[in-house]
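# Test case, fold it:
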Amino acid sequence: MKLLKISVIALFIVSSFAACKKDKITVVTIDGNWTGKLSTSVDTEPNLDFIATIKTDGTLTITYNSNNHDGTYVVTGSTFKADVPTLGINFSATFDKNNGKLINGTTGIHSQNQYSGYGKFYLNKDK
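Residues are numbered from 1 along each chain as shown. Alright, predicted model coming up:
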């Protein structure tokens, strides 16, 4: 009888832990190396390779056509915005933290303080 009670208690404890187990959700941080494509027209799907190196201090470097262009960025909620004056364009996108992607990206002309109207882009965080 004592063995039966111990077995029932052990089974209860094990099943309690199993019921409380939660799936892990991976949240990706914005800093790191990102690879993607951009277009130079809102009528064209992104087809030009570029790389973004995003740092925790609010700065980033865009590598496009083998040239590096420094800029700054902010993330507010799920909105990513970057200003890259030496490239002449600004970037805006939705930051998908669960999948490590910048999606629905648009670009605008930097000198006109635009974040859309010029082209499209996307980026995927390198693993």
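
# Only C-alpha atoms from now on, for both contacts and neighbour counts.
Fine.

# Can you report how many residues lie near the nearest residue to residue 70 once chain neighbours are set aside?
If the residues on either side of it in the chain are set aside, residue 70 comes closest to residue 61, at 4.5 Å by Cα to Cα, 6 or more residues apart in numbering. Residue neighbour count, defined by other Cα atoms under 10 Å, stands at 18 for residue 61.

# now swap in the one 5 residues further on and tell me
The criterion is other Cα under 10 Å. On that basis, residue 66 has 9 neighbouring residues.

# tell me the pLDDT at it?
Per-residue confidence (pLDDT) for residue 66: 95.

# how close does it sit to residue 38?
Remark: distance between residue 66 and residue 38 (Cα to Cα, to the nearest Å) = 15 Å.

# any weak-confidence spans in the chain?
Applying pLDDT under 70 to the chain flags the ranges 1-25.

# thought residue 118 was touching residue 41?
Yes: with contact defined as Cα atoms under 8 Å, residue 118 counts as touching residue 41 (5.5 Å).

# So the two - more neighbours on which side?
Under the criterion of other Cα under 10 Å, the comparison of residue 118 against residue 41 puts residue 118 first, with 18 against 14.

# that older thread, what pairs with the residue nearest to residue 70 across the strands?
residue 53, residue 70 (DSSP bridges).

# what about the strands in this protein?
32-38, 48-54, 59-64, 67-76, 79-84, 89-96, 101-109, 119-125 (DSSP state E).

# CA atoms of the first one as CSV?
Which is strand 32-38. Extracted in CSV, the C-alpha atoms of strand 32-38 (Å, rounded to 0.1, in the frame of the first residue of the first chain):
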residue,chain,number,x,y,z
GLY,A,32,24.0,41.5,-35.8
ASN,A,33,24.5,40.8,-39.5
TRP,A,34,21.6,40.9,-41.9
THR,A,35,21.4,39.8,-45.6
GLY,A,36,18.7,40.8,-48.1
LYS,A,37,17.7,42.4,-51.3
LEU,A,38,16.4,45.8,-52.3
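
# Having no further points to raise, I will conclude here.
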